[in-house]
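**Student:** whatever this is, show me its structure:
(one chain, ligands or ions: 1)
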Amino acid sequence: MTDHAASNGNRMAIIGAGSVGSSIAFACLMRSVVSELLINDLDKKVCEGQVLDLQDAAFISSTKVRVGSPKDCGQADIIVITAGARQRPGETRDELVQRNEDILKSVLGGLQPIKPSAILILVANPVNILTCMAQKLSGLPPNQVIGTGTFLDSIRFRGAMKERLHVSETSIHGPWRQAVGGKPLLSFEEIKTLDTTKEAENVARKAYKIIDLKGATSFGIAAVVSELALCITLNKLSVIPLSTYCDRFKACLSFPVSLGSNGVQRIVYPEMSQEEIALVESSAEITRQACAKYL
Ligand SMILES: NC(=O)c1ccc[n+]([C@@H]2O[C@H](COP(=O)([O-])OP(=O)(O)OC[C@H]3O[C@@H](n4cnc5c(N)ncnc54)[C@H](O)[C@@H]3O)[C@@H](O)[C@H]2O)c1
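**Tutor:** The predicted model follows:
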């Protein structure tokens, strides 16, 4: 099925038309993932400018684009929230929490009543915490509220491995203990000689490197969200690492999930060592503490 065939009848709303929101809109437009794209931003001037610019690109798409009011956006099938304070150079994700919590609260309030079958995608950071907050405040079932999680990090990892192994990103199922064509990644000669800690750090640092160089990241996350939208509209049930509520750890964390028209269908927990489980538990505890006021 072509990307074009996915668009039939679906409507997507993007809240926040800054670097990330406008790039997501452009990626979704180019892939015709929905029939109609609504864009909303507190800054009405910027929002109108982005819509007019996107409309110029729509001649090679089957998607129509327009400005949407918060209420219109609340009735979309897929609602993407990018409205948020941008991460400043050197700022940690946690320092963004308070600024972005206030914005999210006001965005969710404006969208109400949200279409009961809508899938809400959180992009603004820190994504696990905002996903937890949106699960509590949106009124939607938790499986319909997801965050982009570590999908982009996983794409970056696969991109780095592609360079080493000369195989397509889509044939690499990371991280380390996973496989390429059924062969464990760590058993490849090219990988055995790698400093895996350094390689993992490079992947984790890439967002900061881009922010240092150009002030923000936008294209990678745009491609990621267009892919999530396709999974939803086509009910693909692809397994992707996303932020979701993990009953096992009692927190919103990024784990591989199958994603379809109803949102998260199942969580696929990988085999984990005791050391890895302890690391996840400690992340879960930090996330739980940050979310405690919403539980
Ligand atoms: N999940 C990821 O991998 C990922 C990647 C890149 C960026 N981000 C995050 O995405 C967010 C946005 O980044 P950006 O570079 O687009 O920032 P930006 O400053 O360019 O855009 C944010 C936009 O949100 C708008 N906005 C603020 N409050 C609003 C409200 N209440 N209603 C509607 N619009 C509102 C602003 O007017 C602005 O246009 C940040 O939190 C950033 O950290 C996440």
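**Student:** show me what from the stretch 51-200 of the chain comes close to the ligand.
**Tutor:** 82-84, 86-87, 100, 103, 106-107, 123-125, 127, 148, 152 (C-beta under 6 Å from any ligand atom). Every C-beta, even on glycine, is put in place using the N, C-alpha and C of the backbone.
**Student:** and the gap between the residue sitting furthest away from the middle of the chain and the ligand?
**Tutor:** Counting by C-alpha atoms, centre = their mean, the extreme residue of the chain relative to its mean C-alpha position is residue 189, 32.9 Å from that point. Distance, residue 189 to the ligand, by C-beta to the nearest ligand atom, to the nearest Å: 33 Å.
**Student:** let's have the chain start at 41 instead
**Tutor:** OK, 41 is where the count begins now, so the last one is residue 229.
**Student:** now do the helices in this protein.
**Tutor:** 59-70, 84-97, 110-114, 137-151, 167-177, 191-205, 229-232, 236-254, 259-273, 314-331 (DSSP state H).
**Student:** can you give me the buried ones in the fifth one?
**Tutor:** Applying a neighbour-count criterion of 16 or more other C-beta atoms under 10 Å, one finds 167, 168, 169, 170, 171, 172, 173, 174, 175, 177 buried in helix 167-177.
**Student:** which pLDDT value belongs to the residue of the stretch 41-190 of the chain found nearest the ligand?
**Tutor:** Residue nearest to the ligand within the stretch 41-190 of the chain (C-beta to the nearest ligand atom): residue 58, separated by 1.8 Å. What the model reports as pLDDT for residue 58 is 95.
**Student:** re the thing from before, among the residues of the stretch 91-240 of the chain next to the ligand, which one has the most neighbours?
**Tutor:** residue 164 (29 neighbours; other C-beta atoms under 10 Å).
**Student:** can you give the domain ranges for this protein?
**Tutor:** The record assigns the chain these domain ranges, following automatic domain parsing: 45-187, 192-252.
**Student:** between the ones you listed, which one is nearest to residue 284?
**Tutor:** Judged by C-beta to C-beta, the one of the domains of the chain that comes nearest to residue 284 is domain 45-187, at 5.6 Å.
**Student:** can I get stretch 128-135 in CSV, CA atoms only?
**Tutor:** Listed next in CSV are the C-alpha coordinates belonging to stretch 128-135 (Å, rounded to 0.1, in the frame of the first residue of the first chain):
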residue,chain,number,x,y,z
ARG,A,128,18.2,25.6,25.6
PRO,A,129,21.8,24.8,24.8
GLY,A,130,23.1,23.0,27.9
GLU,A,131,19.7,22.7,29.5
THR,A,132,18.7,19.2,30.8
ARG,A,133,15.4,17.7,29.9
ASP,A,134,14.3,17.8,33.5
GLU,A,135,14.9,21.6,33.7
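**Student:** picking up where we left off before, of all the residues of the stretch 91-240 of the chain next to the ligand, which two lie farthest apart?
**Tutor:** Pairwise distances across these (C-beta to C-beta) peak at 25.8 Å, for the pair 146 and 192.
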